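Student: for reference, the sequence and a predicted model appear below.
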Amino acid sequence: MSDFDCDLFVVGGGSGGVRAARMAGQRGARVMLAEAAALGGTCVNVGCIPKKLYSYAAQFAQDFEDAAGYGWDLQPARFDWRRLKANRAREIARLNGVYEHLLRTAGVELLRGWATLCDPHTVQVASAEGPRRWRARHILVATGGTPSVPHFPGREHVLTSDSMFDLEPFPRRLVVVGGGYIACEFASIFHGLGAQVTQLYRGEQVLRGFDDDVRAFLAQEVRRHGVDLRLRSDVAAIARDGDALAVTLAGGEVLPADAVLYATGRVPNVAGLGLDAAGVRLSAHGGIVVDDSYRSSVPSVLAVGDVTARLQLTPVALAEAMVVVDQLFGEGRRAMSYELVPTAVFTHPAIGTVGLTEQQARERHGQVRIFRTDFRALKNTLSGNPERTLMKLVVDAASDRVVGLHMVGPDAGEIVQGFAVAMKAGATKAVFDGTIGIHPSAAEEFVTLREPVAM
């Protein structure tokens, strides 16, 4: 008889945890999964999914304006914030049920409660029925990340991204603090829904880590849309002012606001997990240190997703989970590559990117060729919409391989996903040049760029 209650105990019911539990269960492993909150984690409940739904909602405001140029006379549109929230909540609840169904049909035992590691093979789950311990051959920690807010006077008045989907009432004046993708997305979303949005970032330009042309172009376009984006600007203090908030900037200016969102970073969700008791080593940034097989410093404890503070993207967590399942219950051949991982930022306009930035490419390859264009999309001609689209290719001069592809414009994520496949297959600029474009479309610009930018 086994000394263990299960082969795999998963701590966390987010994207990576559910994927690992389900796939391991389908391979015949005895699997338990503990989750204290709604299944689906950040992505399903307060991240990717609701944020994208709200992004769709915000885009309709521009669509209604554009329709007039195409002969449509519309009654003045009226936005119902409470209806959007109710419809979103219903869809998220449906997805929570889907996740539970997937786990149960795979034979996973679902435990509702807070899990704590007691030693390298023991997990205690505190639930309404009281604490109970289980012994597991392997433990997978997939608890994700959580928003981080710095300490400053008035910190108690701010919101994090987790709270933005159910605000009541709708904030007519919103201050967004931060320059990462979460801050930029919420600034675009709430502006589109009708709020007066001021975005503050203490750095030189938003979206650190993205290509410099993309960063500058996005800043230009969100300002064109009406977001008051202020760079090199920081908050000194926030105070209650009647029913509103007074946001005092470092330079002394005071901004009135109905709500203040701090989107200044996320940290691994490790507090209260008992990792120290199990001997699991953490990095300087608070993430669980893992090797290429996602094993921690304790061989029986593994970790995937945002809790490792590697690349914080849902599809990455899913891919890492598949590596873990293959290592533990398969042939052990699957590996994870962090090269050419595509991603999107659902601002208005959106960003899609895959591969190296121009600066990264120069540092890695030396000689590069840059192909870049920006234009007013065909759809915007009759509507009078001044929004422009940016497309950029970064090519390694020695091999002719396309090593970076970047876009700012409508449907950027949808367009870049397909090109990511080509780049993963090693497509060269000659392959791009030899590909027939779909006309008229924005995407065809990527295969019609002929003249490199003069350097």
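Tutor: Okay, I see it. Residues are numbered from 1 along each chain as shown.
Student: okay, the closest residue to Asn385 other than its chain neighbours: pLDDT?
Tutor: The shortest distance from Asn385 to any non-neighbouring residue, by CB to CB, 6 or more residues apart in numbering, is to Asp66 (5.5 Å). The C-beta positions use only the backbone N, C-alpha and C, and glycine is treated the same way. Predicted confidence (pLDDT) at Asp66: the value is 96.
Student: quick one: contacts for Asp66?
Tutor: Neighbour list for Asp66: 379-380, 383, 385 [criterion: CB atoms under 8 Å, 6 or more residues apart in numbering].
Student: include neighbour count, pLDDT and distance to Gly203 when you put those residues into JSON lines, please.
Tutor: As requested, the contacts of Asp66 are exported to JSON lines (neighbours: other CB atoms under 10 Å; pLDDT from 0 to 100; distance: CB to CB, whole Å):
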{"residue": "Lys379", "neighbour count": "15", "pLDDT": "96", "distance to Gly203": "33"}
{"residue": "Asn380", "neighbour count": "17", "pLDDT": "97", "distance to Gly203": "30"}
{"residue": "Ser383", "neighbour count": "17", "pLDDT": "96", "distance to Gly203": "34"}
{"residue": "Asn385", "neighbour count": "18", "pLDDT": "97", "distance to Gly203": "29"}
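Student: still on that earlier bit, helix/strand/coil for the residue nearest to Asn385?
Tutor: Using DSSP: H, G, I helix; E, B strand; the rest coil, the structure places Asp66 in helix.
Student: could you do Leu405 as well?
Tutor: Going by three-state DSSP: Leu405 is strand.
Student: hang on, the earlier thing: separation between the residue nearest to Asn385 and Leu117?
Tutor: From Asp66 across to Leu117, the span is 54 Å (CB to CB, to the nearest Å).
Student: repeat that for Asp234.
Tutor: Distance from Asp234 to Leu117, counting by CB to CB: 38 Å.
Student: more neighbours, these two?
Tutor: More crowded of Asp234 and Leu117, by other CB atoms under 10 Å: Leu117, with 24 against 14.
Student: contacts only, for the more buried one.
Tutor: The contact partners of Leu117, by CB under 8 Å, 6+ apart, come to 11, 123, 139, 141, 273-275, 277-278, 280, 301.
Student: what's the next secondary structure element after the host helix or strand of it?
Tutor: Using DSSP states H and E, Leu117 sits within strand 114-119. Note on strand 114-119: by DSSP H and E, the next helix or strand toward the C-terminus is strand 122-127.
Student: average pLDDT across that next one?
Tutor: pLDDT averaged over strand 122-127 gives 96.
Student: in its sheet, what does the next helix or strand after that strand sit against?
Tutor: Next helix or strand after strand 122-127 toward the C-terminus (DSSP H and E): strand 130-141. Strand 130-141 has the following strand partners under DSSP bridges: strand 6-11 (parallel), strand 122-127 (antiparallel), strand 301-303 (parallel).
Student: quick one on the thing from earlier: in its sheet, what does the strand holding Leu117 sit against?
Tutor: Its sheet considered, strand 114-119 pairs with strand 122-127 (antiparallel) by DSSP bridges.
Student: which one is Leu159 nearest to, not counting chain neighbours?
Tutor: Leu261 (5.2 Å).
Student: ugh, typo on my part, it should be Gln196
Tutor: Leaving out its chain neighbours, the residue that sits closest to Gln196 by CB to CB, 6+ apart is Arg173, at 5.0 Å.
Student: tell me, what residue is most central in this structure?
Tutor: Leu313 (5.4 Å; CA atoms, centre = their mean).
Student: ok, the spatially closest residue to it that is not a sequence neighbour - contacts?
Tutor: The spatially closest residue to Leu313, leaving aside those adjacent along the chain, is Thr343, at 6.0 Å (CB to CB, 6+ apart). Going by CB under 8 Å, 6+ apart, Thr343 touches 313, 352-354.
Student: just the ones in helices from the residues you listed, please.
Tutor: Taking DSSP state H, every one of the contacts of Thr343 sits outside helices.
Student: just curious, which of those residues is nearest to Gly107?
Tutor: Minimum distance to Gly107 across those is 28.4 Å, recorded for Leu313 (CB to CB).
Student: gap between that closest one and Leu140?
Tutor: Noted for Leu313: a distance of 18 Å to Leu140, by CB to CB.
Student: also Asn385?
Tutor: 48 Å.
Student: so how many other residues sit close to Pro50?
Tutor: By the criterion of other CB under 10 Å, Pro50 has 21 neighbours.
Student: is it true that it touches Asp166?
Tutor: No. When contacts are counted by CB atoms under 8 Å, Pro50 is not listed as touching Asp166 (9.6 Å).
Student: tell me what the longest helix seen in the chain is packed against?
Tutor: For the chain, the longest helix by residue count, based on DSSP H, is helix 81-105. If you count contacts as 3 or more CB pairs under 8 Å, 6 or more residues apart in numbering; DSSP states H and E, helix 81-105 packs onto helix 15-26, helix 41-46, helix 48-67, strand 109-112.
Student: all helices for the protein, in order.
Tutor: Under DSSP H, the chain gives helices at 15-26, 41-46, 48-67, 81-105, 181-192, 212-225, 275-278, 314-329, 358-365, 379-383, 412-424, 429-433.
Student: worst mean pLDDT among those?
Tutor: When the helices of the chain are compared by mean pLDDT, helix 275-278 comes last with a mean of 94.
Student: in that helix, what's buried?
Tutor: Using 16 or more other CB atoms under 10 Å as the test for burial, helix 275-278 gives 275, 278.
Student: ok, stretch 91-111 next?
Tutor: Applying 16+ other CB under 10 Å to stretch 91-111 flags 92, 95-96, 99-100, 102-103, 106, 108-111 as buried.
Student: can you put those residues in TSV and add distance to Thr308?
Tutor: Putting the buried residues of stretch 91-111 into TSV (distance: CB to CB, whole Å) gives the following:
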residue	distance to Thr308
Ile92	26
Leu95	24
Asn96	25
Tyr99	21
Glu100	25
Leu102	23
Leu103	22
Ala106	24
Val108	22
Glu109	25
Leu110	24
Leu111	23
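Student: about what we covered before: alpha carbons only: can I get the strand holding Leu117 in PDB?
Tutor: Extracted as PDB, the C-alpha positions of strand 114-119 are listed here (Å, rounded to 0.1, in the frame of the first residue of the first chain):
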ATOM      1  CA  TRP A 114      -6.200  27.200   2.000                       C
ATOM      2  CA  ALA A 115      -3.300  24.800   1.500                       C
ATOM      3  CA  THR A 116      -0.100  25.000   3.400                       C
ATOM      4  CA  LEU A 117       3.100  22.900   3.000                       C
ATOM      5  CA  CYS A 118       4.200  21.200   6.200                       C
ATOM      6  CA  ASP A 119       7.200  19.400   4.900                       C
END
